[in-house]
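Visitor: here is a sequence together with a model predicted from it:
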Amino acid sequence: MSYFYPTTEYEDDQPLGRTILTTHVLSRGFQLGSAIGVLNSGAAVLFKRRSMTVPFLLRSAGTGGFIGTGIVALGLIGRMWGREEIEWKDRSWRLRYNSGQVAIDNWSEPAAALGVLAVASRRLTGPLIGGWRGLAGGAGIGSLVGIVGCMCAKSILPKQSE
């Protein structure tokens, strides 16, 4: 997301404030929902004695991702209903200049794309794993792997001077 949207020096001039904030919130909702879906499938394996299979894990992550996106979309509407345009611009501007958020975006979005490609590449040799929920689960799990990779890279790599 960081490279797709323009940024300005001052928050008053930030274009696409609503788009930037909405995209950020929905993507984080998808990630959160996918994480909850993965945890839910792990709980099903532990408590219901269900076997863990790749399609089950992908479908759980995909379903959780869509549910999480829907819930945070309602939360965004509730939080920002009736707010002035400057509040949207200010929040989106702060997101764009938050180095942690930019790093998470830079790691999680390509990883999500790789997750989708990994699941979709299975289609070349056989049926698609988990259907459309499997593709969404691939994006969600890939995104979560990207976040973990970002956290590991930040702790391992030397600090950059600004």
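Guide: Here it is on my side, so go on.
Visitor: ok, and what's touching the helix or strand of the chain with the lowest mean pLDDT?
Guide: Every helix and strand in the chain was compared by mean pLDDT, DSSP states H and E; the lowest is helix 85-96, with a mean of 89. By CB atoms under 8 Å, 6 or more residues apart in numbering, the surrounding residues in contact with helix 85-96 are 2, 5, 7-8, 10-14, 16-21, 24, 80, 101-102. Backbone N, C-alpha and C define where each C-beta goes, glycine included.
Visitor: and if you look at stretch 29-37?
Guide: Residues contacting stretch 29-37 (CB under 8 Å, 6+ apart): 60-73, 108, 137, 139-141, 143-144, 147.
Visitor: again, 10 Å this time
Guide: If you take CB atoms under 10 Å, 6 or more residues apart in numbering as the criterion, stretch 29-37 is touched by 57-76, 104, 108, 112, 115, 133, 136-144, 146-147.
Visitor: got a ChimeraX select line for the buried ones in those?
Guide: A single ChimeraX command selects the buried members of the contacts of stretch 29-37 (16 or more other CB atoms under 10 Å):
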select :57,58,59,60,61,62,63,64,65,66,67,68,69,72,76,104,108,112,115,133,136,137,138,139,140,141,142,143,144,146,147
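Visitor: for Ile98, phi and psi?
Guide: No Ile there; residue 98 is Asn. Per-residue torsions, Asn98: phi -90, psi 110 (degrees, to the nearest 10).
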